[in-house]
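> This is a predicted model, with the sequence first.
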Amino acid sequence: MTAKGRNAADWGSDLMAQALRDMGAEWVFLNPGSSFRGLHDSLVNYLGDEKPKMGLATHEASAVAMAHGYAKATGKTGFAILHNLVGLMNGSMSVFNAFCDQTPLVILGGSGPADPGKRRFIDWAHSANTQGDLVRPYVKWTDEPATLDGALDSMLRAGRIAHTAPPGPVYVSLDAGLQEEPLDGPRETGAALPRYAPPAPVTPDPAAIERVAKTLLQATAPLIVCGRLGIDARATAPLVRLVEATGAAYLDDRCTVCLPTRHPQNMNGDKKVKSEADVILAIDVHDLTLATRGYGTGRSQIMGTGAGAEDAHVIDLSMNDWFGNSWARFGGPTPPLDDQIIADPLAGLVALADAVERLGSDANVLAARRDALAARHAKIQEAAQARLSDRSPESPVSMERLTHEVYQLVKDEDWRLVVRNHRSWRDGYWDFPGCGHYLGGDGGGGVGYGPGAAVGAAIGLKGTGALPVAIIGDGDFMMAPGALWTAAHHDAPLLVVLMNNRSWGNDELHQREVAKQRGRAVERAHIGQRTEDPEADLAAIARGFGAWATGPIDDPEAVAPALREALAEVKRGKVAVVEVITALD
């Protein structure tokens, strides 16, 4: 298959490039490497760097994180290319993040040549018998095809597997010799493409839906917890219907937002509600123990999420049992379940909302339950505003003040919060309309995800009118600051707020806790944690990579004017960074 107006398909890599286009790849993120020089040439000179366009990254971990953020922002499969063993090793943490986050990525790696007679001296050091072994424990599938036909088939199959629910990353090695193999004659890649389309969503068992609906309606204090569906805007309406029709309390799973912030049954911020539930429905939640019973080891309090409900009737609506492997312990221990619906979470949510509304319940009971929850919701909001009032004058800037100021800046825009901080996030100051406005966490806890994911999301949202906003910690930024260059290079507007507490803050809090437990000097907990003496000028680093930047700012009254200036730059198509010196807790 030739590309009109460009060179004929003369090489194996031309067909590989065309296969990427046939698979719907619009962007492919990479850091250059000689092991895929043939494919690189084909993307440039055969396809003209147009669909897919190359997103040039400064590090392989950022390249994969960009594909990760792009996939979550667009709902499409993300694509990345890594340079043989060294590139794959650099990018492996980001691969693990995408695996835990169940994000569909197709990751291609240059390899070989498999034929020893074609190897240069460096190819011996950078070749492995089974290159995919580096990431095999945390991808859905990997392949190392030995022929050109096998490579094309493997690429198409990889796209199908990545996007088949539950989704995740896949890895395919493309032999350098096959890439540079001349073709005997005209060839095509797309004729069989429909045969590689992912299957339709798995629908729920009607009997299970009926049974769970009745359980929810018969409960005294039902609780609904929703997880990964938070990135899918389609989930908002049926979730609201289900919450209201059951009169259930609602909590977001960690690192996600699903129910509108101002919904009166939204109990985020109330750590008692979980322990009061007699029925807990977990929808698309990856760690059921965290969402239901909680972790009561007594080792740490800094990540506490509220006491669990030991005797609650637990229902799981997800495809968790169809995902994962035995290598990582991600997702926690196997929790006790009283009922289970294995189905596409969105399809199950819609069916469950329909069933509950059809069956109905005592209107007076539901009204009383909703009224009681609304009163608790109001108290949560009042407490949040009181904390904001108390902490607003503080310097360094409190997270309450910073979150409030950023939201006030963007609230009238069509914003997307593409990245936000985890432990230090403060509920109550940012109004989310529901699913699809926050893209969720990193998945596997790999620091360094934020910059790349934010840039990938910004590239995916470019031209849509949406405003990408990222709130990133200093440690996360310092691991991958070069990602900003990619956004600047590709003219992808992005607003980045850097929270600089000049510490690896999460770990400093851990050291404080250990010191207290052992009766030792808490005042020394900062040693080996603080990024001081010298203090890194993160705004200068951002400017060095082509972004507009201001800061560091430690005066709370200066935050809003700086943010307004930054937003004006973003609206001119720039990457804008505001560095704010923030409190550790």
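Happy to help now that I have it.
> quick one: the biggest helix by length in the chain to chain centroid distance?
Ranked by residue count under DSSP state H, the longest helix found in the chain is helix 363-391. Relative to its parent chain, helix 363-391 has a centroid offset of 30 Å by Cα atoms, centre = their mean, to the nearest Å.
> and it, average pLDDT?
Per-residue pLDDT values across helix 363-391 average out to 96.
> For that helix, enumerate the helices and strands it packs against.
helix 236-246, helix 399-410 (3 or more Cβ pairs under 8 Å, 6 or more residues apart in numbering; DSSP states H and E). All C-beta atoms are positioned from the backbone trio N, CA, C, and that covers glycine.
> hmm, try it at 7 Å
In this structure, helix 363-391 packs against helix 399-410, with contacts taken as 3 or more Cβ pairs under 7 Å, 6 or more residues apart in numbering; DSSP states H and E.
> Show me which residues of the longest helix of the chain are buried.
366, 369-370, 373, 376-377, 380-381, 384, 387-388, 391 (16 or more other Cβ atoms under 10 Å).
> now stretch 555-569
556, 559, 562-563, 566-567, 569.
> Now do the residue nearest to residue 75 when sequence neighbours are not counted, the pLDDT please.
Leaving aside its chain neighbours, residue 75 sits nearest to residue 232 (7.4 Å; criterion: Cβ to Cβ, 6 or more residues apart in numbering). Turning to residue 232, the model gives it a pLDDT of 97.
> separation between residue 232 and residue 260?
The gap separating residue 232 from residue 260 is 15 Å, by Cβ to Cβ, to the nearest Å.
> If you count surrounding residues, which of the two has more?
residue 260 (20 against 17; other Cβ atoms under 10 Å).
> Backbone torsions only: list them for the more buried one.
phi -50, psi 140 (degrees, to the nearest 10).
> Next, the contact list for it, please.
266, 432-434 (Cβ atoms under 7 Å, 6 or more residues apart in numbering).
> hmm, try it at 6 Å
433-434 (Cβ atoms under 6 Å, 6 or more residues apart in numbering).
> Please apply the same query to residue 49.
Residue 49 makes no contacts at all, as judged by Cβ under 6 Å, 6+ apart.
> Can you name the next helix or strand after the helix or strand of the chain with the lowest mean pLDDT?
Lowest on mean pLDDT, DSSP states H and E among the helices and strands of the chain sits helix 121-125, with a mean of 79. Note on helix 121-125: by DSSP states H and E, the next helix or strand toward the C-terminus is strand 141-143.
> which residues in the stretch 451-585 of the chain form helices?
474-479, 483-489, 505-518, 538-544, 556-571 (DSSP state H, counting those that start in this stretch).
> returning to what we had before: now the buried residues of helix 363-391 as a markdown table including distance to residue 106?
Output for the buried residues of helix 363-391, formatted as a markdown table (distance: Cβ to Cβ, whole Å):
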| residue | distance to residue 106 |
| --- | --- |
| 366 | 46 |
| 369 | 46 |
| 370 | 45 |
| 373 | 44 |
| 376 | 45 |
| 377 | 43 |
| 380 | 42 |
| 381 | 43 |
| 384 | 42 |
| 387 | 44 |
| 388 | 44 |
| 391 | 45 |
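> Residue 398 is in contact with residue 426, correct?
No. In this structure, residue 426 is not within contact of residue 398 by Cβ atoms under 6 Å, at 8.3 Å.
> Looking at the two, which is more packed in?
residue 398 (22 against 19).
> Ramachandran coordinates for that one?
phi -70, psi 150.
> Just the pLDDT for it.
The model reports residue 398 with a pLDDT of 95.
> next one: residue 261
Residue 261 is given a pLDDT of 97.
> How about residue 193?
In this model, residue 193 carries a pLDDT of 67.
> Then residue 5?
Value listed for residue 5 in the pLDDT field: 45.
> same question, the one 10 residues further on
The predicted structure scores residue 15 at 95 on the pLDDT scale.
> what's the spacing between it and residue 158?
With Cβ to Cβ as the criterion, residue 15 and residue 158 are 15 Å apart.
> And residue 78, by the same measure?
Counting by Cβ to Cβ - residue 78 and residue 158 are separated by 12 Å.
> likewise residue 467?
Here residue 467 is placed at a distance of 33 Å from residue 158 (Cβ to Cβ).
> Which one's more surrounded, these two?
residue 158 (28 against 21).
> hang on, the earlier thing: identify each buried residue in the least confident helix or strand of the chain, please.
residue 123.
> Residue 353 is in contact with residue 241, correct?
Yes. Counting by Cβ under 6 Å, residue 241 does reach residue 353; the two are 4.2 Å apart.
> between the two, who's got more neighbours?
The residue with more neighbours, out of residue 241 and residue 353, is residue 353; 22 against 17, by other Cβ under 10 Å.
> Surely the more buried one is within a helix?
Yes. Secondary structure of residue 353 (DSSP: H, G, I helix; E, B strand; the rest coil): part of a helix.
> How much space separates it from residue 70?
30 Å.
> Next: residue 64.
11 Å.
> Just list the residues touching residue 148, thanks.
By Cβ under 6 Å, 6+ apart, the neighbours of residue 148 are 12, 178.
> Residue 145 against residue 154, yeah?
Yes. Between residue 145 and residue 154 there is a contact under Cβ under 6 Å: 4.5 Å.
> out of these two, which sits in the busier spot?
residue 154 (23 against 19).
> hang on, that one packs against residue 172?
Yes. Using Cβ under 6 Å, residue 154 is in contact with residue 172, at 5.1 Å.
> which neighbours do the two share?
With Cβ under 6 Å, 6+ apart as the test, residue 154 and residue 172 both reach residue 143.
> give the contact list for residue 257.
Residues in contact with residue 257 (Cβ under 6 Å, 6+ apart) are 230, 432, 438.
> Could you check how far the closest residue to residue 387 other than its chain neighbours is from residue 472?
Take residue 387 and drop its neighbours on the chain: the residue closest to it by Cβ to Cβ, 6+ apart is residue 400, 5.4 Å away. The gap separating residue 400 from residue 472 is 18 Å, by Cβ to Cβ.
> Compare these two and say which is more crowded by neighbours.
Between residue 400 and residue 472, counting by other Cβ under 10 Å, residue 472 is the more crowded of the two (26 against 21).
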